[in-house]
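Chemist: Fold the following.
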Amino acid sequence: YYVSLFSMLVLLSCGTNTTNQPKSKETGERVDTTNATIVENPLDQYWKKYTFSVNEVQQYPAEIEQSLVDYLAEFPNYSFEEVDASLKRLIHKTGANPEYFSFVKEKLSLYLYDPNSPMRNDIYYEHVLNAYLLSDEITELDKQREQLILDLVKKNQVGSTAANFEFTDNSNRKHQMKDF
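Modeler: Down below sits the predicted model:
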């Protein structure tokens, strides 16, 4: 009796999981196949109240920055695919306004890549850089710059081979990292 009751509970709980729902190829949003509507990516809720206008970024920079911080803090709760799709939409929305675009780009770098940031996260910053590289909102020269930064971000990540370097120990002997 208990085995069949437990099996039934497991089956019911598996049926309500939304992470296995198919996603729209264009937007990356989950598609509800029961009535064929698009379910919005919850990460996008942080940007619903904004118009992405020049006046907005000039009048409410602290509020926009706080929304960005809240947005970034949610990243660990979502898959990389959902984060990527949301970042692409954010970059596209800000791309119509160069001042807004620069503001968001600077803050993303500040929070995810600055060594003094408590939110620094090279993995998420790698996703930000990839989104910029796929974007039509930046020039080819800016894409080259972002690619160089991306190459730096990818160095010495957990699980990768550390870059070799040479150093001198206390007794003035030279060593290389690869020797250890």
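
Chemist: What segments of the chain are strands?
Modeler: In the chain, the strands defined using DSSP state E lie at 30-32, 37-39, 166-168, 174-176.

Chemist: residues of stretch 128-140 that come out buried?
Modeler: Of the residues in stretch 128-140, Val128, Leu129, Asn130, Ala131, Tyr132, Ser135, Glu137, Ile138 count as buried by neighbour count, 16 or more other C-beta atoms under 10 Å. C-betas here are computed from N, CA, C, even on glycine.

Chemist: quick one: the fifth one from Asn77, how far?
Modeler: By that I understand Tyr132. Per C-beta to C-beta, to the nearest Å, Tyr132 is found 23 Å from Asn77.

Chemist: again, but for the second one
Modeler: Counting by C-beta to C-beta, the gap between Leu129 and Asn77 amounts to 21 Å.

Chemist: Ok, the last one next?
Modeler: For Ile138, the distance to Asn77 (C-beta to C-beta) stands at 28 Å.

Chemist: Kindly report the same for the first one.
Modeler: In this structure, Val128 and Asn77 are separated by 17 Å, where distance is defined by C-beta to C-beta.

Chemist: residue ranges with poor pLDDT in the chain?
Modeler: For the chain, applying pLDDT under 70 flags the ranges 1-39.

Chemist: Now with 90, please.
Modeler: 1-42, 54, 95-96, 135-138, 154-167, 169, 175-180 (pLDDT under 90).

Chemist: What segments of it are helices?
Modeler: Listed in chain order, the helices of the chain (DSSP state H) span 2-15, 54-59, 61-73, 80-95, 98-112, 122-134, 140-154.

Chemist: neighbours of Glu74, just the number please.
Modeler: If you count neighbours by other C-beta atoms under 10 Å, Glu74 ends up with 15.

Chemist: I figured it was touching Leu43, is that so?
Modeler: Yes - under the criterion of C-beta atoms under 8 Å, Glu74 makes contact with Leu43 at 6.0 Å.

Chemist: Would you mind listing the residues touching both of these two?
Modeler: Both Glu74 and Leu43 lack any common contact, where contact means C-beta atoms under 8 Å, 6 or more residues apart in numbering.

Chemist: pretty sure Ser67 contacts Asp44?
Modeler: No - contact criterion C-beta under 8 Å: Ser67 and Asp44 do not qualify, at 11.3 Å.

Chemist: Ile123 contacts Gln157, doesn't it?
Modeler: Yes - counting by C-beta under 8 Å, a contact exists between Ile123 and Gln157, whose distance comes to 7.5 Å.

Chemist: Could I get the contacting residues of Ser160?
Modeler: Lys154.

Chemist: Torsion angles phi and psi at it?
Modeler: The phi/psi pair for Ser160 (degrees, to the nearest 10) reads phi -100, psi 160.
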